[in-house]
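S.K.: 3D model of this:
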Amino acid sequence: MRVFIKTFGCKVNSFESSAMAELLRARGCEAAASEAESDAVIVNSCTVTDRGDQKTRQYLRRVKRENPDCLLVLAGCFPQAFPEKAANIPEADLVCGTGSREQTLEALFRCLEDRRRRVEILPNRDLAYEPLSAAEPDGHTRAFLKIEDGCERFCSYCIVPFARGPVRCLPLEDLKTQAAQTAARGFSEIVLTGINLSCYGQGQGFDLVDAVAAASLPEGIKRVRLGSLEPDMLGEEMLDRLALETKLCAHFHLSLQSGCDATLKRMNRRYTAAEYLKTAGLIRERFERAVFTTDIIAGFPGESESEFSESLAFAESFGFLKIHVFPYSPREGTAAARMPGQIEKSVKEARAALLSEAGERSRERVLRSFVGSRARVILERQRPDGSFGGYTDRYLPARVRGEGLRERDVVEGEIRALENGECVVEPRA
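M.R.: All right, here's what the predicted structure looks like:
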């Protein structure tokens, strides 16, 4: 059987799609090069925005139109969050959610055998953590390792708790096994990821520091990087312990969403702008030249001009390496979608543009501040001009040129210049 997997959404979805592809290969299935050549198409959906649902529906319609004989599977966050809507999509031959991928494949094979339509979505309360093999979804040198699923924080704009269910975690022993497997496959860097990574080990006697330590155990692993973190969940004791982990990268994706306290309160975020700054300060005290990336929403319901200006000023002054900017998108089923003071699309887009411009200026300043410093780069693909791209420990994009270099080499050198948004690194002789 030839199967094509289409992934929408985040790195966690990409990881899960890659892991599902490995499960299919273990069952003797082939990866189809396109939808047209497939016997089955699995759609791993995202439902963070209404637009995400629309893209999923459009894709399903197109695939069914172009390859009517293929078996079409709708999986992922959309059916988990909105089971009744997903069940009524006529193009989907099998509808399942974010539960067991093994069960999804079992249902897929049953559908292929008897051609009966099935809807098999586990209730959120019944979702358990499913250990998945380490996978590398983006084809580079970093291996993403999902260690946590679910979220129980219920930010007012976010459907994810409904799509992913309660917090569940990969056991530490399984994490150690997957880290060893990742190193054996030749990867030098592990990125720990999850839906709410900060909750790893919650109520189970271990935590995120233990995860970093476990991922660092294999000798072949040179770096461990963390995915998105919640600023209110990084206390001094945890940061003291994290600072002792020598393989941990000094790059922190610390989710902000807004630099205005009034907006943060409406978002049901659990910190103020000042508390965010305090956490960042604690990190900077413990990690030399720590670098930060973040997410900010523009045009949240009720956001006045002065509130936006406050958020923009925060973004301008903080010193982020990268700001991922999102115009607010109402998400059915969330509290924010029902709030008064919804902002016009044109205003949201204008505010998002200003934040993006601020983010680009901030990025330029941060990158230039590292010129003249030493850096370590894990080389990725070689480019047509003979140079290699890669990233430093602090997630600075780098370009390296030299004799005898190979993909996945770890190269130390000096950042000599900044060109076209990349740090030019001269290898140490």
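S.K.: and residue 210, how many residues sit next to it?
M.R.: Residue 210 has 16 neighbouring residues, counting by other C-beta atoms under 10 Å. The C-beta positions use only the backbone N, C-alpha and C, and glycine is treated the same way.
S.K.: check contacts around the residue nearest the centre of the chain.
M.R.: The C-alpha lying nearest the average C-alpha coordinate of the chain belongs to residue 11 (C-alpha atoms, centre = their mean; 3.7 Å). By C-beta atoms under 8 Å, 6 or more residues apart in numbering, the contact list for residue 11 reads 137, 144, 191, 193, 227.
S.K.: right, and the third one touches residue 145 too?
M.R.: Yes: taking C-beta atoms under 8 Å as the contact criterion, residue 191 and residue 145 are neighbours in contact, 6.9 Å apart.
S.K.: Can I take it that residue 354 is in a helix?
M.R.: Yes: under DSSP: H, G, I helix; E, B strand; the rest coil, residue 354 falls within a helix.
S.K.: three-state assignment of the closest residue in space to it that isn't next to it in sequence?
M.R.: Of all residues not flanking residue 354 in the chain, residue 312 sits nearest, at 6.0 Å (C-beta to C-beta, 6 or more residues apart in numbering). Here residue 312 is helix, with the state taken from three-state DSSP.
S.K.: okay, now residue 312: neighbour count?
M.R.: For residue 312, using other C-beta under 10 Å, the count is 19.
S.K.: so where do the helices sit in the stretch 201-350 of the chain?
M.R.: Here the stretch 201-350 of the chain has its helices, by DSSP state H, counting those that start in this stretch, at 208-216, 236-242, 261-266, 273-286, 305-318, 345-369.
S.K.: before we move on, the earlier item: present the contacts of residue 11 as CSV; the columns should include secondary structure and neighbour count.
M.R.: Below are those laid out as CSV (DSSP: H, G, I helix; E, B strand; the rest coil; neighbours: other C-beta atoms under 10 Å):
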residue, secondary structure, neighbour count
137, coil, 19
144, strand, 24
191, strand, 21
193, strand, 20
227, coil, 21
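S.K.: Return the item of the residues you listed having minimum pLDDT.
M.R.: Within the contacts of residue 11, pLDDT reaches its minimum at residue 137, with 47.
S.K.: Angles on the backbone of residue 218, please.
M.R.: phi -60, psi 140 (degrees, to the nearest 10).
S.K.: Show the contacting residues for the closest residue to it other than its chain neighbours.
M.R.: Excluding its sequence neighbours, the residue lying closest to residue 218 (C-beta to C-beta, 6+ apart) is residue 183, at 3.6 Å. The neighbourhood of residue 183, defined by C-beta under 8 Å, 6+ apart, consists of 218-221.
S.K.: One more pass at 6 Å, please.
M.R.: 218, 220-221 (C-beta atoms under 6 Å, 6 or more residues apart in numbering).
S.K.: Quick one: those as JSON lines, columns for pLDDT, neighbour count and distance to residue 174 too.
M.R.: Shown next, in JSON lines, are the contacts of residue 183 (pLDDT from 0 to 100; neighbours: other C-beta atoms under 10 Å; distance: C-beta to C-beta, whole Å):
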{"residue": "218", "pLDDT": "97", "neighbour count": "18", "distance to residue 174": "14"}
{"residue": "220", "pLDDT": "93", "neighbour count": "13", "distance to residue 174": "19"}
{"residue": "221", "pLDDT": "95", "neighbour count": "19", "distance to residue 174": "16"}
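S.K.: now, which of the residues you listed sits nearest residue 173?
M.R.: Of all the contacts of residue 183, residue 218 has the smallest distance to residue 173: 14.2 Å, by C-beta to C-beta.
S.K.: doesn't residue 376 fall inside a strand?
M.R.: Yes: counting by three-state DSSP, residue 376 falls inside a strand.
S.K.: what about it, distance to residue 227?
M.R.: Distance of residue 376 to residue 227, given as C-beta to C-beta, to the nearest Å: 21 Å.
S.K.: confidence score at residue 130?
M.R.: pLDDT, read off for residue 130, is 74.
S.K.: and it, backbone torsions?
M.R.: Per degrees, to the nearest 10, the backbone of residue 130 is at phi -110, psi 110.
S.K.: one step back: tell me the confidence at the residue nearest to residue 218?
M.R.: The score at residue 183 is 93. That number is its pLDDT.
S.K.: ok, now which ones touch residue 200?
M.R.: Residue 200 sits next to 147-148, 169, 208, 211 when contact means C-beta under 6 Å, 6+ apart.
S.K.: quick one: it and residue 106, what's the gap?
M.R.: On the measure of C-beta to C-beta, residue 200 and residue 106 end up 29 Å apart.
S.K.: repeat for residue 221
M.R.: For residue 221 relative to residue 106 (C-beta to C-beta), the value is 34 Å.
S.K.: how about residue 371, secondary structure?
M.R.: Assignment for residue 371 (three-state DSSP): coil.
S.K.: Ramachandran coordinates for it?
M.R.: According to degrees, to the nearest 10, residue 371 has phi -60, psi 130.
S.K.: show me the contacts for it.
M.R.: Residue 371 touches 415, 418, counting by C-beta under 6 Å, 6+ apart.
S.K.: same check, this time on residue 328
M.R.: Taking C-beta under 6 Å, 6+ apart as the criterion, residue 328 is in contact with 297, 299-300, 348.
S.K.: One more: residue 365?
M.R.: By C-beta under 6 Å, 6+ apart, the contact set of residue 365 is empty.
S.K.: and if you look at residue 30?
M.R.: Neighbour list for residue 30: residue 2 [criterion: C-beta under 6 Å, 6+ apart].
S.K.: The host helix or strand of residue 379: partners in the sheet, and parallel or antiparallel?
M.R.: Taking DSSP states H and E as the criterion, residue 379 maps to strand 374-382. Neighbouring strands of strand 374-382 in its sheet, by DSSP bridges, are strand 388-392 (antiparallel), strand 410-419 (antiparallel).
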